[in-house]
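K.L.:
Next one to model:
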Amino acid sequence: MFRRSPLLAALGAAFLAIAMTSCGSPTIPNAGRVLLAIAVTPAQADAQKLGGQVVFTANGTFSVAPSPAPVTFVAPYTGGFAVATNSSNQEIATIVSTGPGTATVQCVAGMSGTVEVGATASANNGTSTSVSGSAQISCP
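P.N.:
This is a model prediction of the structure:
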């Protein structure tokens, strides 16, 4: 018959308590993990050299590991990609598909110029703060 050591039981309980508190809330994923910055890559893309389409990726710098890591735009880091218009309010490029942390941007036929592709997500810090990053796409 085995006897439990009170010291081993106390060490086991302490280890379990530390493990549970270091991971944040067990019911809220990523609780306490704050998004600090977003980098959109590639930073500049020439769509003419890439067949008119570019896949952009959002990578985030977070307050705790893993960092950097892809920003997948799911709770609590909701947000997404957007493409700006040119100075004449014309669409030069549009988002044709999205995936976890990615957006495929296609140049509009007959349009040329350079526009900003941005990614914005909530910071998950209990405020309305959001974090954004941007890149550029040049269309023929």
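K.L.:
Tell me the spacing between the residue minimising distance to the centre of the chain and V64.
P.N.:
Centre of the chain computed as the mean C-alpha position; nearest residue by CA atoms, centre = their mean is V71, 1.6 Å away. V71 is 15 Å from V64, where distance means CB to CB, to the nearest Å. All C-beta spots, glycine's among them, are computed from the backbone N, C-alpha and C.
K.L.:
Just the pLDDT for Q48.
P.N.:
Turning to Q48, the model gives it a pLDDT of 89.
K.L.:
for it, what are its contacts?
P.N.:
For Q48, the contact set (CB atoms under 8 Å, 6 or more residues apart in numbering) comprises 107, 138-140.
K.L.:
likewise A93?
P.N.:
47, 83, 105-108, 111, 115, 117, 137, 139 are the contacts of A93 under CB under 8 Å, 6+ apart.
K.L.:
Equivalent analysis for G80, please.
P.N.:
When contacts are counted by CB under 8 Å, 6+ apart, G80 touches 73, 98, 103, 119-121.
K.L.:
Any stretches of the chain with poor pLDDT?
P.N.:
1-31 (pLDDT under 70).
K.L.:
Can you show me the strands along the protein?
P.N.:
35-41, 44-46, 53-62, 69-70, 79-83, 93-99, 102-107, 113-122, 130-139 (DSSP state E).
K.L.:
Who does the second one pair with, and is each partner parallel or antiparallel?
P.N.:
The partner list of strand 44-46 in its sheet, established with DSSP bridges, is strand 130-139 (parallel).
K.L.:
Next, work out how far apart the residue lying closest to A43 once chain neighbours are set aside and T120 are.
P.N.:
Nearest non-adjacent residue to A43, counting by CB to CB, 6 or more residues apart in numbering: A135, 5.1 Å away. Counting by CB to CB, the gap from A135 to T120 is 13 Å.
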